[in-house]
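**Student:** model the structure of this input:
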Amino acid sequence: ISLVNNLKFLWAPVLDRYAAPGIGRSAGRRRGWVVLCQMGVAASLAGLAVTDPAAGLLPVALLALLTVFWSASQDVAIDAWRIELARDEAEAGLLAAAHLWGYRGAMVAGGGGTLYLAGSFGWEPAYLAAAGTMGLLCTAILLLPRPRAEAMEAAGPVRPRMVGGVLVALLAMAAVSLVILAIGRAVPELAQLLGIATDRRDVALRVAALALLPFLAATLAIQRIRRDGTETRWGRAAATAGVVEFLHRFGWAALLLLAFTALFRLGDLVMGAIGKTLYAHLGYTAQTVGAVEGTIGLAAAMVGVALGGLSTGRLGPRTALLLGGGLAAAGNLAFAWLALSPVETWRLALAVGLDGFGGGVASAVFIVFLAGLTCRRHAGTQYALLSSFAFLVPQLVAGSSGLVQASVGYAGFFAGTAALALPALLLVPLVVRIADRHRAPSPEPLPSPSPSPSLP
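**Tutor:** Below you'll find the predicted structure:
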């Protein structure tokens, strides 16, 4: 179910092209989708509150799937709205910081707050409280003043040609499958070299083979798109226009950008799969870990996010990306140091603080860089594509992280995750030059933009 979040680029073109049914014309295209998605999340959570898993797992699974679907769709709308609101790179950094502050706060409130309510009053009241909170957020969004004319509407609507578009979108947006193919084939081989017994070899090879097919199709698509341009049937189709524009603008360099997107946060995100188990292995209590992460970790992350958001506009994308990637790697090394250290609370606080700070900086500068790669007319589709790649590969790699940790130990594992940052850091100067050379022009708003068409 969690992988649904990595597939949001498949339906993101709908949110770029159409206004939300019912509320889109009055609230605006982006705000309308945010409100509609929050209503969907609220309804799904309310359904989970009155569903008993012991009586049947299927209804619970379907409601959980709907929750993730509406949540991922809300991300698409909010990310596109944030990109369209930013007038320059400095403002994009501030909006990214605000976005991540809200995300971190929501993780604390939605995670710890819901667990507290469940422990005190039961799961049904906890889920109903979460659903009610989403309902209040709908009201808060509607009370905000409507922003200036949206960039996509000013540039003119995309002609809706949906026939065959979804298939082409699936093929073109799977260019990063080369990275998945390499990982899927390399992990079992590496496990054998390290003497790790695993029965996942056949599964990994099948996944690698399937990943190769869409990558080959995307490679062929780039050549044709570069030759024919964007004024083709697929370039005008609502489902594929955003992907065609991205591949036409960057050409073969798009493959390098997608690979960089998948690699930049790889070590930092893979570390999360094992980080929690280190605490129990060393003997730290759950109360100590919760107190440290809820105070030192959260504060360090907030400061890191602020620094990352400010540094992009003041230092430039190249220096900011190198700074963020280096600090994130330093946070991984802090956990390697913690694995070799005596059990002392100050050591835990230092490692958690360094990791939170580095992750916060890296998250903010990465979000701003990805936003700069998008065209505002297709901001939702293109950002969903890039962010999906950023998390898909780490999720695939994390599946084998336990096997690697069992072979090399905790210190070796965390040192290895820090080393995973090196390929992306080496690519930073090249991808920044590519991004600057192919940056999409900002459309000039028209005096009277035409409204987005509504879904039937």
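**Student:** list the buried residues for stretch 64-75?
**Tutor:** Using 16 or more other Cβ atoms under 10 Å as the test for burial, stretch 64-75 gives 64, 66-75. Where you see a C-beta, it was placed from the backbone N, CA and C, and this is true even at glycine.
**Student:** want to throw the residues you listed into CSV with pLDDT?
**Tutor:** What follows is the buried residues of stretch 64-75, written out as CSV (pLDDT from 0 to 100):
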residue, pLDDT
A64, 87
L66, 86
T67, 89
V68, 87
F69, 87
W70, 89
S71, 89
A72, 87
S73, 88
Q74, 89
D75, 87
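**Student:** switch the residues you listed over to TSV; also include secondary structure.
**Tutor:** Below are the buried residues of stretch 64-75 laid out as TSV (DSSP: H, G, I helix; E, B strand; the rest coil):
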residue	secondary structure
A64	helix
L66	helix
T67	helix
V68	helix
F69	helix
W70	helix
S71	helix
A72	helix
S73	helix
Q74	helix
D75	helix
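**Student:** would you turn those residues into a markdown table with distance to I141?
**Tutor:** Converted to a markdown table, the buried residues of stretch 64-75 look like this (distance: Cβ to Cβ, whole Å):
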| residue | distance to I141 |
| --- | --- |
| A64 | 24 |
| L66 | 20 |
| T67 | 18 |
| V68 | 20 |
| F69 | 19 |
| W70 | 14 |
| S71 | 15 |
| A72 | 18 |
| S73 | 14 |
| Q74 | 10 |
| D75 | 14 |
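**Student:** check the residues you listed against A98 and report the nearest one.
**Tutor:** Closest approach to A98 among those (Cβ to Cβ): D75, at 14.9 Å.
**Student:** just give the closest residue to the residue nearest the centre of the chain, not the sequence neighbours.
**Tutor:** By Cα atoms, centre = their mean, the chain has its centre lying nearest to S387, at 4.0 Å. Nearest residue to S387, sequence neighbours excluded (Cβ to Cβ, 6 or more residues apart in numbering): L370, at 6.6 Å.
**Student:** contacts only, for that neighbour.
**Tutor:** By Cβ atoms under 8 Å, 6 or more residues apart in numbering, the contact set of L370 is 261, 383, 386-387, 390.
**Student:** what of D88?
**Tutor:** G313.
**Student:** for L7, same thing?
**Tutor:** The contact partners of L7, taken as Cβ under 8 Å, 6+ apart, are 72, 388.
**Student:** surely G251 meets Q223?
**Tutor:** No. G251 lies out of contact with Q223 (Cβ atoms under 8 Å); the separation is 9.1 Å.
**Student:** which elements pack onto the helix or strand containing L137?
**Tutor:** In the assignment (DSSP states H and E), L137 maps to helix 123-143. Judged by 3 or more Cβ pairs under 8 Å, 6 or more residues apart in numbering; DSSP states H and E, helix 123-143 is in contact with helix 29-49, helix 114-121.
**Student:** select from these the stretch with the lowest mean pLDDT.
**Tutor:** Note on the helices and strands packed on helix 123-143: lowest mean pLDDT is at helix 114-121, with a mean of 78.
**Student:** can you pull the buried residues of that one?
**Tutor:** 114, 117-118.
**Student:** picking up where we left off before, give me the element the residue nearest to the centre of the chain is part of.
**Tutor:** Going by DSSP H and E, S387 is part of helix 379-398.
**Student:** and that helix, what's its mean pLDDT?
**Tutor:** What helix 379-398 shows for mean pLDDT is 74.
**Student:** I'd like the next helix or strand past it.
**Tutor:** helix 401-419.
**Student:** chain center to that following helix, what's the gap?
**Tutor:** Relative to the centre of its chain, helix 401-419 is centred 24 Å away, using Cα atoms, centre = their mean, to the nearest Å.
**Student:** T51 in helix, strand or coil?
**Tutor:** Strictly by three-state DSSP, T51 counts as coil.
**Student:** and the closest residue to G402 other than its chain neighbours, what does it touch?
**Tutor:** Once flanking residues are discounted, G402 sits nearest to I274: 7.0 Å by Cβ to Cβ, 6+ apart. Contact partners of I274, counting by Cβ under 8 Å, 6+ apart, are 401-402, 405, 410, 413-414.
**Student:** contact partners for the closest residue to H378 other than its chain neighbours?
**Tutor:** Leaving aside its chain neighbours, H378 sits nearest to G242 (3.2 Å; criterion: Cβ to Cβ, 6+ apart). Contact analysis of G242 by Cβ under 8 Å, 6+ apart lists 12-13, 16, 375, 377-378, 380-382, 385.
**Student:** let me know the closest of those residues to H99.
**Tutor:** G380 (14.5 Å).
**Student:** shouldn't the closest one be in contact with A12?
**Tutor:** Yes. The criterion here is Cβ under 8 Å, and G380 meets it with A12 at 4.8 Å.
**Student:** mind checking the SS state of R439?
**Tutor:** From three-state DSSP, the assignment for R439 is coil.
**Student:** near the closest residue to it other than its chain neighbours, how many other residues are there?
**Tutor:** Sequence neighbours aside, G372 is the residue nearest to R439 in space, at 6.7 Å (criterion: Cβ to Cβ, 6+ apart). Number of residues near G372 (other Cβ atoms under 10 Å) recorded here: 18.
**Student:** helix or strand: which one has G372?
**Tutor:** Per DSSP H and E, G372 falls inside helix 345-373.
**Student:** what is the rounded mean pLDDT of that helix?
**Tutor:** On average, helix 345-373 scores 88.
**Student:** what comes up buried for it?
**Tutor:** Buried residues in helix 345-373, counted by 16+ other Cβ under 10 Å: 347-373.
**Student:** helices or strands up against the host helix or strand of L307?
**Tutor:** Per DSSP H and E: L307 is located in helix 298-315. Applying 3+ Cβ pairs under 8 Å, 6+ apart, one finds that helix 298-315 contacts helix 89-107, helix 317-339, helix 345-373.
**Student:** what about it, average pLDDT?
**Tutor:** Averaged across helix 298-315, pLDDT comes to 84.
**Student:** which residues touch that helix?
**Tutor:** For helix 298-315, contacts defined as Cβ under 8 Å, 6+ apart pick out 88-98, 100-101, 104, 108, 319-320, 323-324, 327, 352-365, 368-369.
**Student:** so where do the helices sit in the stretch 151-300 of the chain?
**Tutor:** Using DSSP state H, counting those that start in this stretch, the helices found in the stretch 151-300 of the chain span residues 151-155, 165-172, 177-193, 201-228, 233-236, 241-250, 253-264, 266-282, 286-292, 298-315.
**Student:** one step back: what's the helix holding S387 packed up against?
**Tutor:** Looks like helix 379-398 contacts helix 12-17, helix 57-85, helix 177-193, helix 241-250, helix 253-264, helix 266-282, helix 345-373 (3+ Cβ pairs under 8 Å, 6+ apart).
**Student:** re earlier: the helix holding G372 vs helix 317-339, what angle?
**Tutor:** Helix 345-373 runs at 150 degrees relative to helix 317-339, counting by axes from the mean of the first three to the mean of the last three Cα atoms, to 10 degrees.
**Student:** chain center to helix 345-373, what's the gap?
**Tutor:** 15 Å.
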